[in-house]
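>>> Predicted coordinates and the sequence they were generated for:
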Amino acid sequence: MAGRIEDYALIGDMQTAALVCRDGTVDWLCLPRFDSHAIFAGLLGTEEHGFWRIGPAHAADATPPTAVRRSYRGDSLILESEWDTPRGTVRVIDFMPPRDGAPQLVRIVEGVSGRVPMRSALRMRFSYGRVVPWVHKHEGRTVAVAGPDSVWFDTDAETYGKSLTTYADFTVAPGDRIAFTISWEPSHKQPPPLPEPEQSLEATEDFWRDWVEHCTYHGPYREAVIRSLITLKALTYGPTGGIVAAPTTSLPEAVGGVRNWDYRYTWLRDAAITLSSLLRTGYREEARAWREWLLRAVAGDPENLQIMYGIAGERELGEAELDWLPGYESSAPVRVGNGAAHQLQLDVYGEVTEALHLAHMTGLARNDYASLLQLKLIRYLEQHWDEPDEGIWEVRGPRRHFVHSKVMAWVAVDRTIKLIESGDADGPLEKWRDLRDDIHRDVCEKGYDKERNTFTQSYGSKELDASLLLIPQMGFLPPDDKRVIGTIEAIQRELSTSDGFILRYPTSGDSEGVDGLPGDEGAFLACSFWMADDLAMIGRVDEARQLFEKLLSLRNDLGLLAEEWDPRLKRQVGNFPQAFSHVPLIDTALRLTASGAYGG
């Protein structure tokens, strides 16, 4: 069985990523891209669906020992795991070098003390665990081939095959270093070059050291911010600038439930807020690359703006279920693709416009098409802002007039007015000022419950929604407005878990809720960061800091966060690691640092 979600480490090369468990098992890896088929899918099934374990040798019927220590090497994505055994101590170094050619996963076993018997067990299964490849030798190298894919396995250790698995049994003493590498190449092409593990390790360490040096944040939460920034960089698809929401699919929002989605795509919302965090911490090149990705993806068709695209801008992300995979801890179905791609989510227009506005305000080189796109988006919103939609949470129930969607439509118009006022675009200024006022009035009249002094999830509803916490952060109303304070306090009362974290909205257990799905979910971590932001904005800075530091304590030992926290099971749930958790972590750290609201 796969480990707990928080037991995994992330390694990656800015084109794909692998998850490595505490016992030295790679249980998830898609090649050659984030959204390619997995060759190791044990995370969503069993060892029969593909894995690669390197660790101290153990009896066949025993549980593999877990590393007693692990950490990233400095500010990098180079993972170091150490085992203390009765015969000595051993270290495994795992990384994926940033690439120009074939993708590689490199694992270097290093003896620390004593003489430690080790084993590598490699079971490749293509097409998400469904296809057993043809494994054979080619000019002294081991290669696995199935259809269009080939994976090459290189090591100086002696290997053998047994039960459709490639093994290597060896012993390491102090100073010994034995490397193992897998490389992907299209099966019709020539073999990839022989790997150079030690040179790749040095180059990977240099890459991350140089990248981190560009960070402009030096506040008290620097360790958490740096790790989150590295994670966001790892989730960026280097060739295009697209940013995946997470490198995984179908890790459940509730263990054993059906809320399992594929997050290996670029959500405009997630990418836009990621752009904001990168710009505010000094990473202008990543911001520029994302803007270029956006302009290519949307192209000349902003009227049909999708909420998400493939990492190269693909539009068709058809959803399917992989019925041969039992799912993480029997959380089925396992889904690939995402049927929400063609939903109407009006808030996306606001997020995209806010991102373009921020890029403009921070001096990112002007792009005339970006300004033209912004104007086209507003012309679309003029005709459609007052329609119901599926909203920020991609509900699969009936469309509604979600308050957050209307607020973000207001943001889109407001930021475009500011662009025109700055002299960098032309548009019907007075007409759009009237439109901005109309949207604001509509929200305040139809989305506000006077009796309870709170905004509501949608027009005419009584339910609350954590996305309402963004009202003051977007400038829709000032933080000291009584309606803002009332909404914050209502969400604290009605959407807080027993340990003080925030749910997205009410769910209905076994019956179908507002989102059209049965079952419950954990506390959505982004919402809890938003609450900390709001508390700081309304002057409750000590309370904000306490909540933020409580959220930091939920990170795993490597500083990583999934999408949600299950308050009942006290564990992370949802796809992992999640950009939509790490971005608000950065934003809240910046806000608390600016306010001086931190301990120590």
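It's in.
>>> mind checking the SS state of W184?
strand (DSSP: H, G, I helix; E, B strand; the rest coil).
>>> So it versus V411, what's the distance?
According to C-beta to C-beta, to the nearest Å, W184 stands 42 Å off from V411. Any C-beta I mention is one placed from the backbone N, CA and C, and that applies to glycine too.
>>> And V143, how far from W134?
9 Å.
>>> neighbour-wise, which of these two wins?
Comparing V143 with W134 by other C-beta atoms under 10 Å, the one with more neighbours is V143, at 21 against 11.
>>> Do I have it right that that one meets V151?
Yes - V143 lies in contact with V151 (C-beta atoms under 8 Å); the separation is 7.1 Å.
>>> Which neighbours do the two have in common?
Counting by C-beta atoms under 8 Å, 6 or more residues apart in numbering, V143 and V151 have no shared contacts at all.
>>> where exactly do the strands run in the stretch 1-150 of the chain?
9-12, 17-20, 25-30, 38-40, 51-56, 69-72, 79-85, 88-95, 104-114, 116-123, 134-138, 141-146, 149-155 (DSSP state E, counting those that start in this stretch).
>>> L77 against V20, yeah?
No - counting by C-beta under 8 Å, L77 does not reach V20; the two are 10.8 Å apart.
>>> Look at those two and report which has more neighbours.
Comparing L77 with V20 by other C-beta under 10 Å, the one with more neighbours is V20, at 30 against 27.
>>> and stretch 441-458, which residues are buried?
Residues 442-443, 447-449, 452, 454-458 are the ones in stretch 441-458 that count as buried (16 or more other C-beta atoms under 10 Å).
>>> if I look at L322, how far off is G256?
Distance from L322 to G256, by C-beta to C-beta: 17 Å.
>>> hang on, the earlier thing: what sits in contact with each of L77 and V20?
With C-beta under 8 Å, 6+ apart as the test, L77 and V20 both reach 10-11.
>>> Kindly confirm my reading that Q572 forms part of a strand.
Yes - using three-state DSSP, the assignment for Q572 is a strand.
>>> Tell me the confidence at it?
With respect to pLDDT, Q572 has a value of 97.
>>> The closest residue to it other than its chain neighbours: helix or strand, and which one exactly?
Of all residues not flanking Q572 in the chain, A562 sits nearest, at 3.9 Å (C-beta to C-beta, 6 or more residues apart in numbering). For A562, there is no helix or strand it lies in under DSSP states H and E.
>>> So what's the residue count around A562?
27.
>>> my guess is it meets R4, correct?
No - the criterion here is C-beta under 8 Å, and A562 misses it with R4 at 10.1 Å.
>>> what's the overlap in contacts for the two?
Q572.
>>> Which parts of the stretch 501-600 of the chain are strands?
Using DSSP E, counting those that start in this stretch, strands in the stretch 501-600 of the chain cover 523-524, 564-566, 571-573.
>>> who's in contact with the second one?
With C-beta under 8 Å, 6+ apart as the contact definition, strand 564-566 has outside contacts at 253-255, 501, 521-525, 554, 571-574.
>>> Closest one of those to R433?
Comparing the contacts of strand 564-566 against R433 with C-beta to C-beta places F524 closest, at 34.7 Å.
>>> more crowded one of L322 and G256?
Shown here are L322 and G256; by other C-beta under 10 Å, L322 has more neighbours (24 against 12).
>>> so what's that one up against?
Contacts here follow C-beta under 8 Å, 6+ apart; on that basis L322 touches 44, 128, 130, 333-336.
>>> what do you get if the cut-off is 6 Å, keeping everything else the same?
Applying C-beta atoms under 6 Å, 6 or more residues apart in numbering to L322 gives the contacts 128, 334.
>>> where's the nearest residue to V109 once chain neighbours are set aside, which helix or strand?
The spatial neighbour of V109 that comes closest, neighbours along the chain excluded (C-beta to C-beta, 6+ apart), is I178 at 4.7 Å. I178 belongs to strand 177-186 when assigned by DSSP H and E.
>>> quick one: that strand to strand 116-123, angle?
Relative orientation of strand 177-186 and strand 116-123, computed by axes from the mean of the first three to the mean of the last three C-alpha atoms, to 10 degrees: 10 degrees.
>>> what's the average pLDDT for strand 177-186?
Mean pLDDT, strand 177-186: 98.
>>> Check stretch 457-472 too.
Stretch 457-472 carries an average pLDDT of 96.
>>> Now do it: everything it contacts.
Stretch 457-472 has contacts (C-beta under 6 Å, 6+ apart) with 392, 400-402, 404, 407, 446-447, 455, 477, 479, 484, 487, 490-491, 494-495, 502, 504-506, 527, 530-531, 534, 537.
>>> Read off the pLDDT value for the residue nearest to Q572.
For A562, pLDDT reads 98.
>>> ditto for N304
Listed pLDDT for N304 reads 78.
>>> picking that back up, just the buried residues out of the contacts of strand 564-566, in PyMOL syntax.
Buried residues within these, by 16+ other C-beta under 10 Å, are selected in PyMOL with:
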select buried, resi 253+254+255+501+521+522+523+524+525+554+571+572+573+574
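>>> What is the nearest of the contacts of strand 564-566 to S228?
Within the contacts of strand 564-566, the smallest distance to S228 is 11.7 Å, found for L525 (C-beta to C-beta).
>>> Let me see the contact set for the closest one.
561, 581.
>>> now it: how far from S581?
Distance, L525 to S581, by C-beta to C-beta: 4 Å.
>>> Kindly report the same for N575.
10 Å.
>>> wait, isn't S150 in contact with E185?
Yes - proximity of S150 to E185 meets the contact threshold set by C-beta atoms under 6 Å, at 5.4 Å.
>>> So these two - more neighbours on which side?
The neighbour comparison of S150 against E185 (other C-beta under 10 Å) goes to S150, with 23 against 20.
>>> Would you mind naming the residues that bridge with the more buried one?
V145, E185 (DSSP bridges).
>>> The chain: helices as residue ranges?
126-129, 197-212, 222-234, 268-280, 284-298, 347-361, 368-384, 403-421, 429-446, 470-473, 482-494, 525-537, 541-552, 579-595 (DSSP state H).
>>> can you put the ones you listed in TSV and add distance to P103?
Formatted as TSV, these follow (distance: least, C-beta to C-beta, whole Å):
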stretch	distance to P103
helix 126-129	15
helix 197-212	12
helix 222-234	14
helix 268-280	22
helix 284-298	19
helix 347-361	29
helix 368-384	32
helix 403-421	37
helix 429-446	46
helix 470-473	37
helix 482-494	43
helix 525-537	30
helix 541-552	32
helix 579-595	21
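>>> Can you say which of these is nearest to W83?
That would be helix 197-212 among the helices of the chain, by C-beta to C-beta, at 19.7 Å.
>>> quick one: that closest one to chain centroid distance?
How far helix 197-212 lies from its chain's middle: 23 Å, per C-alpha atoms, centre = their mean, to the nearest Å.
>>> Give me the buried positions along that helix.
For helix 197-212, using 16+ other C-beta under 10 Å, the buried residues are 197, 200-201, 204-205, 207-208, 211.
>>> Equivalent analysis for stretch 106-116, please.
106-112, 114, 116.
>>> Likewise for stretch 479-498?
479, 483-488, 490-491, 495-496.
>>> and what of stretch 43-59?
For stretch 43-59, by 16+ other C-beta under 10 Å, it's 43-45, 47, 49-57.
>>> repeat for stretch 269-278
Buried residues in stretch 269-278 (16+ other C-beta under 10 Å): 269-278.
>>> Reformat the residues you listed as CSV; add pLDDT and distance to W432.
Shown next, in CSV, are the buried residues of stretch 269-278 (pLDDT from 0 to 100; distance: C-beta to C-beta, whole Å):
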residue, pLDDT, distance to W432
R269, 85, 23
D270, 82, 27
A271, 77, 25
A272, 79, 21
I273, 85, 24
T274, 84, 28
L275, 83, 24
S276, 83, 23
S277, 89, 28
L278, 89, 29
